[in-house]
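*Asks:* Curious how this folds, go ahead:
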Amino acid sequence: MKRLTKTSEQYSPSEKLTSRSNKTIYHNGEGFYYHYSYSKGDIQYMRCAEKRCKARGWMPSNNPGEPIIPTRGSPVHNHQPNFTRRKQLLFMHRCKLRAANENLTVNEIWDSEANRDPLTASQISAQNIKTQMRRYRLEHAASLAAFDSATPMTVDSAVGQKYLGGAEWDDVERVPTEGDEILWHEAGYFYSTYKILEGLERVTCVESSCEAKAEVRVPEDGEPQIRLESGKRHSHAPNWQRRAELLFIDRCRQRAVAARQSIDTIYQDEASKELIVAARLGPVRVKQAMAAAKKMHRENMDYTQGEGENDDEEEDGLVFDESEATEESESLSQQVPVSLSESLLSQEDGAMVYHDGSGHFYKEISLQKSIRILKCLDCEVQATMALAPTNAPITLLDSSAQHAHPPDLHRMSRSSTVNQIETEPKKPRPRLGPKSVKYQMSEEEEEKDGDHDTQADQRYTDYVTLEDE
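*Replies:* This is a model prediction of the structure:
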């Protein structure tokens, strides 16, 4: 007995937990978990909860807190200990107990527990927890006769009743993307609309490998709600960081359109407020979204003003003096020297490359009327260049940032410009026929050739003499 006591003191006390399927699971206090295997007398024999692990153990009694001792000859665990799993199991069990004993809705219980322990809540699926809470609440409905807080589920369409019957409506929020699309976000999962049927939006998970679908309704006097299809679960973990990233980009885009500040200034201001989110995204992605939003806003604006609008501006003292603007632009052009561009042929792929004369090189990405839209070969800077003349200056877009690299004046050869190609075409090489090829022999070869000719003439003379005889 003393030996058994000493052996028990060598190991940490165990803990009895409840698994996700409401079965008992034992934690040995060292990050390993066991399932009950069989009993023999007052001893319970355990096996590791991991499927591919063959570690075995036993408990000296059924008293709570008794340590789990490895059996004789048991192999060592072939996996690392996991202390996070204990927190997750306790978190889920606490949510299910509250669902069975409190009159709050499932969403309210989840929000309360997620705010209390946000780290653990971010590591598990909110959808699965809510499903288990509802199931656990139904199993204990007899002891919850006073529970009547769940609102009846009204079915707005026959299609919704067929595919989504039995599910509960959850709160959902709209999250703007980097473009014009709007996503629906609920518990770390994001959905996009693919069909609108009888006032309801059918949505699907944005992950390509996930088949989860849902239904979204937007009441006239209330918040939008989502209801998942029965039997459809997400095949991936929730992404709690994506929402913060999308909202960060959207704030930067809105400020880039509304505020009269540079993109760099706006980004530095927003990044100082949320350093972690800005570090995950990176400046390039955010600035590209800001530049695209600013460009789209300018394209959508109508700069042409009618006579009535001009009259209103005259009354407000906001008349645009074209002569003053022309004089100002001329004075600026005289003060700031303009570098002429040149068109070059790339030595890599033979495409046309445009040099602004200052050491920066661009390629053409689009053509709008008589303006070339260019993009720097080394960064995301965009610029414009007129089609005529061929050496028109290259001007950076107002929405574009500055170059993120120094100029390079020795990057490529400028020997073959467009003007030289057009004015000095290559002359075709003359084709040499067989008669135009001449071979000049040396003196020794000429002497040998003359000897051969003399011998041939002598043989011919002898042959003719023999025929005459």
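*Asks:* Q127 touches C210, doesn't it?
*Replies:* No: contact criterion C-beta atoms under 8 Å: Q127 and C210 do not qualify, at 11.4 Å. Heads up, the C-betas are built off the backbone N, CA and C, glycines and all.
*Asks:* Next, show the common contact partners of the two.
*Replies:* H234 (C-beta atoms under 8 Å, 6 or more residues apart in numbering).
*Asks:* neighbour-wise, which of the two wins?
*Replies:* Q127 (20 against 15; other C-beta atoms under 10 Å).
*Asks:* List the buried residues in the host helix or strand of that one.
*Replies:* Using DSSP states H and E, Q127 falls within helix 126-139. Using 16 or more other C-beta atoms under 10 Å as the test for burial, helix 126-139 gives A126, Q127, I129, K130, T131, Q132, M133, R134, Y136, R137.
*Asks:* which among the residues you listed gets closest to I249?
*Replies:* I249 lies nearest to A126 out of the buried residues of helix 126-139, by C-beta to C-beta, at 23.6 Å.
*Asks:* What about the residue nearest to the closest one when sequence neighbours are not counted, how many residues nearby?
*Replies:* Nearest residue to A126, sequence neighbours excluded (C-beta to C-beta, 6 or more residues apart in numbering): A187, at 3.3 Å. Using other C-beta under 10 Å, A187 has 22 other residues around it.
*Asks:* Contacts only, for A187.
*Replies:* Contacts of A187 (C-beta under 8 Å, 6+ apart): W110, S125, A126, Q127, K130, D170, P238.
*Asks:* okay, those residues in JSON lines with distance to L183 next?
*Replies:* Shown next, in JSON lines, are the contacts of A187 (distance: C-beta to C-beta, whole Å):
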{"residue": "W110", "distance to L183": "21"}
{"residue": "S125", "distance to L183": "18"}
{"residue": "A126", "distance to L183": "17"}
{"residue": "Q127", "distance to L183": "16"}
{"residue": "K130", "distance to L183": "20"}
{"residue": "D170", "distance to L183": "16"}
{"residue": "P238", "distance to L183": "14"}
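*Asks:* From those, which one has the minimum pLDDT?
*Replies:* Ranked by pLDDT, these bottom out at D170, which has 71.
*Asks:* Help me confirm that K96 comes into contact with R134.
*Replies:* No: under the criterion of C-beta under 8 Å, K96 is not in contact with R134, lying 9.7 Å apart.
*Asks:* By mean pLDDT, point me to the weakest helix or strand of the protein.
*Replies:* helix 158-164 (a mean of 36; mean pLDDT, DSSP states H and E).
*Asks:* Check which element follows it along the chain.
*Replies:* Sequence-wise, the next helix or strand downstream of helix 158-164 (DSSP H and E) is strand 170-171.
*Asks:* what's in contact with whichever helix or strand comes after that next one?
*Replies:* Next in sequence after strand 170-171, counting helices and strands by DSSP H and E, comes strand 173-176. If you take C-beta under 8 Å, 6+ apart as the criterion, strand 173-176 is touched by I182, L183, W184, H185, E186, F190, P224, R243, L246, L247, D250.
*Asks:* The third one: what's it in contact with?
*Replies:* Spelled out, that is W184. 172-175, 190-193, 201, 203, 214, 216, 224, 226.
*Asks:* ditto for the last one
*Replies:* Under the criterion of C-beta under 8 Å, 6+ apart, the contact partners of D250 comprise P176.
*Asks:* Which pLDDT does the model give it?
*Replies:* We have a pLDDT of 84 for D250.
*Asks:* going forward, begin numbering at 17 instead of 1
*Replies:* Right, with 17 as the first residue, what we last looked at is D266.
*Asks:* wait, is it part of a strand?
*Replies:* No: counting by DSSP: H, G, I helix; E, B strand; the rest coil, D266 is located in no strand; its state is helix.
*Asks:* Okay, it and P192: tell me how far apart.
*Replies:* Distance, D266 to P192, using C-beta to C-beta, to the nearest Å: 5 Å.
*Asks:* quick one: contacts of the helix or strand containing K32?
*Replies:* In the assignment (DSSP H and E), K32 maps to strand 31-34. By C-beta under 8 Å, 6+ apart, the residues outside strand 31-34 that reach it are 40-43, 45, 49, 80-81, 102, 105-106, 108-109.
*Asks:* Need phi/psi at the nearest residue to E380 once chain neighbours are set aside.
*Replies:* Closest residue in space to E380, ignoring its immediate chain neighbours: R388 at 5.3 Å, by C-beta to C-beta, 6+ apart. Note on R388: backbone dihedrals following degrees, to the nearest 10 are phi -90, psi 130.
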